[in-house]
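Visitor: Kindly generate the corresponding structure for this input.
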Amino acid sequence: MENIKLTINGKEITAPAGSTILQAAQQNGIYIPTLCYDEAVEVYGACGLCVVEAEGVPKLLRSCSAKVQEGMVIETESERVVKSRKIAMELLMSAHDGDCVAPCQLACPANTDCQGYVGLIANGEFDEALKLIKNKIPLPASIGRVCPHPCEKACRRAKVEEPVNIAQLKSFAADLDLKGDSYIPEVSESTGKKVAIVGGGPAGLTAAMYLRKLGHEVTVFDMMEKMGGMLRYGIPQYRLPKEVLDSEIAIIEKTGVRLCNNVKLGRDITLENLKSVNDAVILAPGAWKSSPMRVKGEDAEGVYGGIDFLRSVIQGNPVDIGTRVAVCGGGNTAMDACRTAVRLGAKEVYIIYRRTKNEMPAEEIEIKESEEEGVIYKFLTNPTEIHSENGKVCGMTLQIMELGEPDASGRRRPVAVEGKTEYLPLDSVIMAIGQKLDPTDFSQVALTDRGTILADEDTFMTDIDGVFAIGDATNKGASIAIEAIGEADRCVKVVDAYLNGKVLDFTVPYISKRDDERIDVSGKAVQPRTVAEVLDADVRKNNFDEVSLGLTVEEAKKEAQRCLECGCREYFKCKLLSVAQRYDIKPDRFAGEMPQKYTRDENAFIERNTAKCILCGLCVRSCKEVMDISAIGLLGRGFKTSVSPAFALPLDQTKCTNCGLCVKLCPTGALTEKANVQKQVPLAEKYEIRSKDIDGKDCQFLISTYGGKIMRVIPNNDAARNCGFSRDEMIKFFE
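Guide: Numbering: from 1, shown residues only. The predicted model follows:
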């Protein structure tokens, strides 16, 4: 066969005469995007993405149909080509109504695949669920107990009744793992690189485990007698049993991470020393200093910082709080402090909060359970002075407040009611209004105006080369543990690149998101949220036993099955997303009425979601040209066109044989195998191209197999289509 010489992107290549530019590029490893082309069907040219620029040709050519010519000079990524593709992609994505990633995962600061592990739990695949969780969270049993679960706040199940209980499902899977032969992540071959981490809290331990998995030698230094940071010394035993935390830390240690306790930066080690014997250093010291209230009299005996108070109890040396205790603050630390005070025997425990219950940042369940345990809430009050006798706290003056206009946080600003105060007799005051870094030992690195370590938002690098910083001690200050874990995970990628002399691209990849306002869940059956049982208030308030009893296997599976599966199952192999992330697209500029509605047709094997369809035509053409069935077609005209069976019938009422070829070729996830299909009669296990020389012609066939057996043989080029063999004859031929 005659070969044609041409040049693509400066590379001289040859291609058979009669080939298209796209075929020539593919045969020579040159990428040209396309969403509507496949060798199994005739050229259609619907997506408009495969355009290229040919020297001397005024218009852009569609490479899927344009034939190669001798001496052609082609550019596949010129400025003009990229501009055309961006517009084409923006138009396609503006009419593509689908979630690439579930809202719960997007809301998780650690980017945990919540939908993935919830789905695995629903199917009883608990070990796999645990492994998926540990891709992002090395301490899931601990985090599942204490996380304020921003994932649940984003859960769309709340539009039906209540969010999925994601946090307890996480700890359920992790607890099962801890009760058996615990999963220990595999470690890559040693790189010879060393990393020192200062701080053994959630950020430091996360960075340690994931750096170790990459093959680096890691040592964690912590100033306390045991690892865990605020998970150990800031969370009470009744919420997070330290035996659970110990077990999870032991797994991290088994990966080969070296843990060194009672080692303090500035006292036992220096930054210069760490840098001299390591290839990189990560600072993750946490925020161990309680923030002051700046109230007159707060230096009196009996005034304690929230973190200091909790740490004293956890270490077995609780401070003397007396019988009347006021806890100032409305966050989860305040909840931990007031409920701990109850368990220490205080008779009157007050929460002093300057707004109302509706504005409290603490978890609703924490507020509810504390009220059950007898905590008294004094809303719309603010301390103005702490009184003392002989240097010891005896009471507090409270300013009565009212709510004014919203502030920067969106909550209504508390405003003092002039002339209105209240006196509260007390034995002690616990200030749980925040915590911060003690910067004493970190003077060598640049600090922010807030006294936190200044670290680049993308690279986590401090002003010292090779020294990185993460967690509560950096930039904006203390936050939730899962945010520190997320930072650590991202920092690991940066540090690994740094150790290998590479620079990461921090461009945020494009993903498709559905508009919550347009989502209709009216057809969903109401299924109450399953929550783990808790100890009775009269029992739990007298001890530090864990309050939650955890989910049973049956409860966990039932709760996991409430998931709406918002994220696309085709995310990791979606061709549409792959092209979208290649170009800096802005589909919103073409936003308007969505041309298609979300549908699911009744079929045992194939799920159709026309809202994701981009009208590439691959499913229609493969059904007609390859399978000779025509179970589906293009319905309607213009903007309202959609892919549908005739008369919009369900697939089960057509000639569809469930061959799965349309699913295989769909580039968007508009057609997918149903999640449980492999427990029934699975579609084709795989498709592969095989060639046969028939009558001197190179015939290509698409071979579908399942369980090692050939299920279908599909002609894949003109020579194969014209070979004269029936499908049954071709199956026998290849067998």
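
Visitor: gap between the helix or strand hosting Phe468 and the chain center?
Guide: Counting by DSSP states H and E, the element that carries Phe468 is strand 467-469. The gap between where strand 467-469 is centred and where its chain is centred comes out at 24 Å by CA atoms, centre = their mean, to the nearest Å.

Visitor: Quick check: what element follows it along the chain?
Guide: Beyond strand 467-469 toward the C-terminal end (DSSP H and E), the next one is helix 481-499.

Visitor: so where do the helices sit in the stretch 351-500 of the chain?
Guide: 364-372, 481-499 (DSSP state H, counting those that start in this stretch).

Visitor: In TSV, list the ones you listed along with mean pLDDT.
Guide: Listed next are the helices of the stretch 351-500 of the chain as TSV, based on pLDDT from 0 to 100:
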stretch	mean pLDDT
helix 364-372	96
helix 481-499	97
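
Visitor: taking those helices together, which one is wrapped up most tightly?
Guide: Comparing those by mean neighbour count (mean count of other CB atoms under 10 Å), helix 481-499 comes out on top with a mean of 23. For every residue, glycine as well, the C-beta is placed using N, CA and C.

Visitor: packing partners for that helix?
Guide: Counting contacts by 3 or more CB pairs under 8 Å, 6 or more residues apart in numbering; DSSP states H and E, helix 481-499 packs against helix 140-146, helix 202-213, strand 280-283, strand 467-469.

Visitor: next helix or strand past the longest one?
Guide: Next helix or strand after helix 202-213 toward the C-terminus (DSSP H and E): strand 217-221.

Visitor: Alpha carbons only: can I get that following strand in PDB?
Guide: C-alpha atoms of strand 217-221 as PDB (Å, rounded to 0.1, in the frame of the first residue of the first chain):
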ATOM      1  CA  GLU A 217      12.800   7.700  55.400                       C
ATOM      2  CA  VAL A 218      10.700   9.600  57.900                       C
ATOM      3  CA  THR A 219      11.300  10.600  61.600                       C
ATOM      4  CA  VAL A 220       8.600  12.400  63.600                       C
ATOM      5  CA  PHE A 221       9.700  14.500  66.700                       C
END
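
Visitor: mind checking which of the helices of the stretch 351-500 of the chain is nearest Pro185?
Guide: helix 481-499 (13.0 Å; CB to CB).

Visitor: What strand or helix carries Thr530?
Guide: Thr530 belongs to no helix or strand, assigned by DSSP H and E.

Visitor: So the spatially most central residue of the chain, which state does it fall into?
Guide: Closest residue to the average C-alpha location of the chain: Asn111 at 2.1 Å, with CA atoms, centre = their mean. Asn111 carries the three-state label coil when classified by DSSP: H, G, I helix; E, B strand; the rest coil.

Visitor: The one 4 residues further on too?
Guide: Three-state call for Gln115 (three-state DSSP): helix.

Visitor: That one is in contact with Gln105, isn't it?
Guide: Yes: using CB atoms under 8 Å, Gln115 is in contact with Gln105, at 6.3 Å.

Visitor: In terms of packing, which of those two has more residues around it?
Guide: Gln115 (26 against 22; other CB atoms under 10 Å).

Visitor: for the helices and strands packed on helix 481-499, which one ends up most surrounded?
Guide: helix 202-213 (a mean of 28).

Visitor: how distant is that one from the center of its chain?
Guide: With CA atoms, centre = their mean, you get 18 Å for helix 202-213.

Visitor: tell me which strands and helices it is in contact with?
Guide: Short answer (3+ CB pairs under 8 Å, 6+ apart): helix 202-213 packs on strand 194-198, strand 217-221, helix 242-254, helix 481-499.

Visitor: Quick one: those as JSON lines, columns for distance to Thr474 too.
Guide: Formatted as JSON lines, the helices and strands packed on helix 202-213 follow (distance: least, CB to CB, whole Å):
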{"stretch": "strand 194-198", "distance to Thr474": "12"}
{"stretch": "strand 217-221", "distance to Thr474": "17"}
{"stretch": "helix 242-254", "distance to Thr474": "22"}
{"stretch": "helix 481-499", "distance to Thr474": "8"}
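
Visitor: circling back: find residues that contact each of Gln115 and Gln105.
Guide: Taking CB atoms under 8 Å, 6 or more residues apart in numbering as the criterion, Gln115 and Gln105 both touch Gly567.

Visitor: Could you pull up the residues touching Ile13?
Guide: Ile13 is in contact with Lys5, Leu6, Thr7, Ala24, Asn28, Ile30, counting by CB under 8 Å, 6+ apart.

Visitor: The same query, at a cut-off of 7 Å, please.
Guide: Leu6, Ala24, Asn28 (CB atoms under 7 Å, 6 or more residues apart in numbering).

Visitor: Please pick the buried ones from those.
Guide: Buried members of the contacts of Ile13, counted by 16 or more other CB atoms under 10 Å: Leu6, Ala24.

Visitor: Now, the contacts of Ile13 that are in strands?
Guide: Leu6 (DSSP state E).

Visitor: With pLDDT added, can I get the contacts of Ile13 in JSON lines?
Guide: Formatted as JSON lines, the contacts of Ile13 follow (pLDDT from 0 to 100):
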{"residue": "Leu6", "pLDDT": "95"}
{"residue": "Ala24", "pLDDT": "94"}
{"residue": "Asn28", "pLDDT": "92"}
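
Visitor: So Cys623 lies in a helix, does it not?
Guide: Yes: counting by three-state DSSP, Cys623 falls inside a helix.

Visitor: That one and Ser630 touch, don't they?
Guide: Yes: using CB atoms under 7 Å, Cys623 is in contact with Ser630, at 5.9 Å.

Visitor: between these two, which one's more packed in?
Guide: Cys623 (26 against 16).

Visitor: which residues sit in contact with that one?
Guide: Contacts of Cys623 (CB under 7 Å, 6+ apart): Ile629, Ser630, Ala631, Ile632, Cys662.

Visitor: In contact with the fourth one: list those residues for me.
Guide: Remark: with contacts taken as CB under 7 Å, 6+ apart, Ile632 is in contact with Cys619, Val620, Cys623, Val643, Ser644, Pro645.

Visitor: can you rerun that using 6 Å?
Guide: Val620, Cys623, Val643, Pro645 (CB atoms under 6 Å, 6 or more residues apart in numbering).
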